[in-house]
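*Asks:* A predicted structure for the sequence below; I have some questions about it.
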Amino acid sequence: MTASNIRPLEGLLVLDFSQFLAGPVAALRLADLGARVIKIERPGVGDIGRTLAFAGRTIDGDTVSFHAMNRNKESVTADLKNPDDLAYVRQLIARADVMIQNFRPGVMERIGLDYDSVREINPSIVYASATGYGDEGPWRDRPGQDLLAQSISGLPWLSGSKEDGPVPVGLSIADHLLSCHIAQGVTALLVRRFRTGEGGHVESSLLEAMLDLQFELLSTKLNDDSIHVERHGTHSANAFLAAPYGTYPTKDGYIALAMNPIPKLGALLDLPELAGMTDPQEAWDRQEEIEAILAARFATDTTARWLATLDAADVWCAPVLTLDELLASEGFAAIRMTQQVDRGSAAISTTRSPLRIDGEILTSRKAAPILGEDDERVRAEFPPVRERA
């Protein structure tokens, strides 16, 4: 961190109207960088993520996933259908630098908190909208959920072998990537505002995040219509990369190979049939045959033994770790990716921001807020402004 120990976004006020994952994590990314984030939640219920439990686990009355997404935030309750609460929220908006929302298209317009309406209250505000599929087109009103967006984008057909059905990514990849894009757009507009005084509106969606993730595939297809998704054998890890790219069973686990010359692998592993494949086209034409030969060889010894052999020859490879193996590894400890936050008597372990600023990792002890825990303090700090008669 800098000598003054000030985080880059310190002094900025963010109002987080979002729920579930993409919007809250976008706000979290800003909070980790120093912004003050006030989460606006429905009285009595709050963010649905408080009860929508990842793996069914809760701590201190909220889901573990909610704790992970909402550290470093404050919670203020407001019923946006209540005229008094809505009037107070408008007063907070007048003081805010950033507003994030992920309601379905049309909802904020009905409430009167869409960008055009908010800009009349605060012309310099940076307003962020996260949706499922944008605000136009036939998918506009479909549920904006991660698995559904993955499915519409075609992503599940990129994983697995040709024998499998669709294989979705087993984490909320669309939500997480969308959170990064929203946070990036917010910071870009803040930079513009600091230069010009002008606010702005950044928009993105789960679908756009998924399409951006596939930029290599889509760009290739758009320029060559003969390209089709054709998944390969059991060991292949990519429908568009040749052998040996994939994962292979060993005597006690799995090993992953990236792009490597087939003859080099043949020589290292004492496989003359591969050592003689000097034509690079064979890595495509004989892909499943090559993978089967490699799989049979790797199955004869341990992952550690093969890593020692391959690492010494600068072959691009890695062990395929289980979750437990990852957490027990020296590499995981070395990167210091965890932190502890405290809420009452509960000590909660979670991940930290993946960023390091000026050589320092970004951590915080502040846990996710209890629903409405900051109501009185925030209202005292920002008292309602009474209109003149």
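*Replies:* That came through fine. Residues are numbered from 1 along each chain as shown.
*Asks:* Got phi/psi on the residue nearest the centre of the chain?
*Replies:* With distances taken as C-alpha atoms, centre = their mean, His176 lies nearest the centre of the chain, 1.8 Å away. Main-chain dihedrals, His176, degrees, to the nearest 10: phi -70, psi -40.
*Asks:* Please identify the helix or strand for the residue nearest to it when sequence neighbours are not counted.
*Replies:* Computed as C-beta to C-beta, 6 or more residues apart in numbering, the closest residue to His176 that is not its neighbour in sequence is Val25, at 6.6 Å. Yep, even glycine has a C-beta here, placed from its N, CA and C like the rest. Assessed by DSSP states H and E, Val25 sits inside helix 22-32.
*Asks:* Packing partners of the helix or strand just after that helix?
*Replies:* The helix or strand immediately downstream of helix 22-32 is strand 36-41, counting by DSSP H and E. Judged by 3 or more C-beta pairs under 8 Å, 6 or more residues apart in numbering; DSSP states H and E, strand 36-41 is in contact with strand 13-16, helix 22-32, strand 73-77, helix 83-95.
*Asks:* Doesn't Val341 lie inside a strand?
*Replies:* Yes - assigned with DSSP: H, G, I helix; E, B strand; the rest coil, Val341 falls within a strand.
*Asks:* next one: the helix holding Val25 to chain centre, how far?
*Replies:* Chain-centre distance of helix 22-32: 10 Å, with C-alpha atoms, centre = their mean, to the nearest Å.
*Asks:* Then stretch 301-316?
*Replies:* 32 Å.
*Asks:* List of residues touching that stretch?
*Replies:* 250-255, 257-260, 264-265, 268-269, 298, 317, 319 (C-beta atoms under 8 Å, 6 or more residues apart in numbering).
*Asks:* give me that answer again for 10 Å
*Replies:* Contact partners of stretch 301-316, identified using C-beta atoms under 10 Å, 6 or more residues apart in numbering, comprise 244-245, 248-261, 264-265, 267-269, 297-298, 300, 317-321.
*Asks:* likewise stretch 170-178?
*Replies:* So stretch 170-178 is contacted by 20-26, 54, 65, 69, 102, 130-132, 144-153, 155, 159, 169, 179, 204-210, 212-213 (C-beta under 10 Å, 6+ apart).
*Asks:* any idea how far that stretch is from the chain center?
*Replies:* With C-alpha atoms, centre = their mean as the basis, stretch 170-178 stands 5 Å off its chain's centre.
*Asks:* May I see the buried residues of it?
*Replies:* Of all the residues in stretch 170-178, those buried under the rule 16 or more other C-beta atoms under 10 Å are Ser172, Ile173, Ala174, Asp175, His176, Leu177, Leu178.
*Asks:* correct me, but Cys180 touches Ala130?
*Replies:* No - here Cys180 lies out of contact with Ala130, judged by C-beta atoms under 10 Å, at a distance of 11.2 Å.
*Asks:* Identify the contacts common to the two.
*Replies:* Common neighbours of Cys180 and Ala130, using C-beta under 10 Å, 6+ apart, are Ala22, Val25, Ala26, Ser204, Ala209.
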